[in-house]
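Colleague: just to be clear, the model below is a prediction. Sequence and coordinates:
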Amino acid sequence: MFFNRFYLAIIRNCTVHNLMIIIIVLCIMHPPECKAQELDSAAIRTDISVVQGMTAARSPQKATLYSAILPGLGQAYNNKYWKIPIIYGAGGAFVCYTLHWHTQYKKFRDAFLDGFSQADPKPVLIDGRLYDYDILPRGRDGFRRYRDLCILGTAAVYFLNIVDAMIDAHFFYYDVSDDLSLRIAPVFMDDPVATTTFGLNFHLGF
């Protein structure tokens, strides 16, 4: 039965184009055996390595405690060393800006307090620039707001460092690899009007 359909669909109306399609399909459906064996061996080795590595699972409690004691220590515990420079870079930047804005805030605050008791306060020289006394409160409040925002940023980096270590420990052995498969098979389609035609069936699994 199969050969009869094959004859009706292909042999009787055989063209160079159809022959090329058949050759391509056969090559896809039947890859070299040695390649398949290599892939199977690689998959077996991967499964063995994963099973052996399960004995060194990470504890979320330990990762959280380590990061709370010293930022970046939990990332080192999870073998995510590349995250440590990011944590200290972001945290260090916030700390530096916090100290800078706090220094500016103190300069404007002290200058404002010094001229508060004067009947006619004179302009104040701060960092080589003269500021009118009326501008000092606005500068003081602005620098204080910048300082407080940087303090919040430092606290956010510290908190995210703890959360990141805990999540990494939870998903230390979580499989995120792509498992996609594509199967291509020839099909014969019966047309009530025309003769039997040849086609391809694509099946994608994930």
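Modeller: That came through, no problem. Computed from a prediction, not measured in an experiment: that's the story for all the values here. Numbering: from 1, shown residues only.

Colleague: can you give me the helices for this protein?
Modeller: Per DSSP state H, the chain carries helices over the ranges 2-6, 16-29, 33-53, 60-69, 73-77, 83-114, 136-170.

Colleague: ranking those helices by mean pLDDT, which is last?
Modeller: Among the helices of the chain, helix 33-53 carries the lowest mean pLDDT, a mean of 45.

Colleague: distance of Y77 from K83?
Modeller: 11 Å (C-beta to C-beta, to the nearest Å). (C-beta placed from N, C-alpha, C; glycine too.)

Colleague: wait, A165 sits on T64?
Modeller: Yes: shown here, A165 and T64 form a contact pair, counting by C-beta atoms under 8 Å, at 6.2 Å.

Colleague: the more surrounded of those two?
Modeller: A165 (30 against 18; other C-beta atoms under 10 Å).

Colleague: list the residues that contact that one.
Modeller: Taking C-beta atoms under 8 Å, 6 or more residues apart in numbering, we find A165 in contact with 63-64, 66-67, 74-75, 77-78.

Colleague: how about D168?
Modeller: Contacts of D168 (C-beta under 8 Å, 6+ apart): 58, 63, 74-75, 78, 80.

Colleague: compile these into a markdown table and extend it with columns for distance to C96 and neighbour count.
Modeller: A markdown table is the format used below for these (distance: C-beta to C-beta, whole Å; neighbours: other C-beta atoms under 10 Å):
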| residue | distance to C96 | neighbour count |
| --- | --- | --- |
| R58 | 32 | 19 |
| A63 | 28 | 26 |
| G74 | 24 | 30 |
| Q75 | 22 | 22 |
| N78 | 27 | 24 |
| K80 | 25 | 17 |
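
Colleague: coming back round to it: looking at Y77 and K83, which is more packed in?
Modeller: Neighbours of Y77 and K83, each counted by other C-beta under 10 Å, are more numerous for Y77; the result is 20 against 17.

Colleague: what distance do you get for that one to S59?
Modeller: 9 Å.

Colleague: what do those two both touch?
Modeller: A169.

Colleague: how about D132: what's its closest non-neighbour residue?
Modeller: Residue nearest to D132 in three dimensions, not counting chain neighbours: P123, with 5.4 Å by C-beta to C-beta, 6 or more residues apart in numbering.
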